[in-house]
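Colleague: could you look at this predicted model? Sequence included:
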Amino acid sequence: MPANNRYSRQIILPQIQKQGQEILKNSTVIIVGCGALGTNSANSLTRAGIEHLTVIDRDIIELHNLQRQNLYTEKDIGRPKATILKKKLHDINSEVTITAIVDDLNPKNSEKFLSSCDLILDGTDNMHTRYLINDISIKHNIPWIYAGVIQTYGMTMNIIPHQTPCLCCYTPTLPEPGSLPTCATAGVLNTIPAIIANIQATETLKILLNKEFSTDLIIYDI
């Protein structure tokens with residue numbers, strides 16, 4: 001492998017090698033949410049060589065997003081997150097095939113958007129959407145990785161159908177709207193999303209490469 005190959009520093013890792021890189025090349029990952037978690041995980045996976053990515057988000061970029069959503073700049077304000085993220089990721093790695101969906105994930109479209117992939121990443125900020133992801137995951141036997149951040153801490157958990165507990169095992173009942181704090185009400189330090197998202201991205205690689213992955217709910221407070 002030439003030393004200047006894009007993935008040369010990754011391919012020499014015994015955990016990946018040429019065979020592993022080919023698996024990543026042929027993997028499809030969907031990221032729901034293009035905020036602080038989604039942009040960070042998408043950045044890492046694009047650079048790692050996941051060559052089929054779909055990013056889903058209905059929102060536009062706002063000024064307060066720039067504090068923690070690393071791939072956006074001031075000139076992107078007012079434009080759709082998913083569309084801009086696709087452009088930024090293509091600039092990072094033009095070999096990657098990226099699909100941007102500017103839409104709200106809901107019960108009517110969740111199966112259409114999520115049912116054909118190898119893994120789903122949670123970059124959302126609400127439990128209702130996470131329950132939708134969980135339903136599709138269980139129905140179609142698709143692994144997904146839950147994540148959330150607020151204030152100075154975050155958490156993430158791998159959910160592998162028929163192998164690990166699912167979201168409903170931990171929280172059987174959907175919390176009442178407004179009952180949980182949000183970044184808008186409680187704040188968030190801009191370093192914690194990057195940490196949690198990169199744990200997500202690392203676990204994604206482990207799962208796709210059939211390596212030993214975490215079966216714990218990981219909680220990290222910086």
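Modeller: Perfect, thanks for sending it. Numbering: from 1, shown residues only.
Colleague: CA only for contacts and neighbour counts going forward, please
Modeller: Fine.
Colleague: any regions of this structure where pLDDT drops low?
Modeller: 1-4 (pLDDT under 70).
Colleague: now do the strands in it.
Modeller: With DSSP state E, the ranges of strands along the chain come out as 28-32, 52-56, 97-101, 119-122, 144-150, 153-159, 218-221.
Colleague: pull up the pairing partners for the last one, direction included.
Modeller: In this case it means strand 218-221. Strand pairing for strand 218-221, using DSSP bridges, gives strand 153-159 (antiparallel).
Colleague: would you list the strands of the chain in TSV and tack on distance to residue 202 and mean neighbour count?
Modeller: Output for these, formatted as TSV (distance: least, CA to CA, whole Å; neighbours: other CA atoms under 10 Å):
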stretch	distance to residue 202	mean neighbour count
strand 28-32	13	24
strand 52-56	16	23
strand 97-101	20	19
strand 119-122	12	25
strand 144-150	11	25
strand 153-159	11	22
strand 218-221	13	13
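Colleague: can I get those strands in CSV including distance to residue 108?
Modeller: Listed next are the strands of the chain as CSV, based on distance: least, CA to CA, whole Å:
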stretch, distance to residue 108
strand 28-32, 15
strand 52-56, 15
strand 97-101, 15
strand 119-122, 18
strand 144-150, 20
strand 153-159, 23
strand 218-221, 31
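Colleague: nearest to residue 197, of those?
Modeller: Distance to residue 197, taken as CA to CA, is lowest for strand 144-150 among the strands of the chain, at 7.7 Å.
Colleague: output the closest one as PDB, nothing but the C-alphas.
Modeller: Taking C-alpha atoms only, strand 144-150 is exported to PDB below (Å, rounded to 0.1, in the frame of the first residue of the first chain):
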ATOM      1  CA  TRP A 144     -28.000   1.500  15.800                       C
ATOM      2  CA  ILE A 145     -26.000   3.600  18.300                       C
ATOM      3  CA  TYR A 146     -27.800   5.800  20.700                       C
ATOM      4  CA  ALA A 147     -26.200   9.000  21.900                       C
ATOM      5  CA  GLY A 148     -27.100  12.200  23.800                       C
ATOM      6  CA  VAL A 149     -25.200  15.200  25.300                       C
ATOM      7  CA  ILE A 150     -26.200  18.000  27.700                       C
END
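Colleague: list the helices and strands it packs on?
Modeller: Secondary-structure packing of strand 144-150 (3 or more CA pairs under 8 Å, 6 or more residues apart in numbering; DSSP states H and E): strand 119-122, helix 127-140, strand 153-159, helix 183-186, helix 192-208.
Colleague: would you mind finding the most buried of those?
Modeller: strand 119-122 (a mean of 25; mean count of other CA atoms under 10 Å).
Colleague: same for that one, what does it pack against?
Modeller: The helices and strands touching strand 119-122, judged by 3+ CA pairs under 8 Å, 6+ apart, are strand 28-32, helix 36-48, strand 144-150, helix 192-208.
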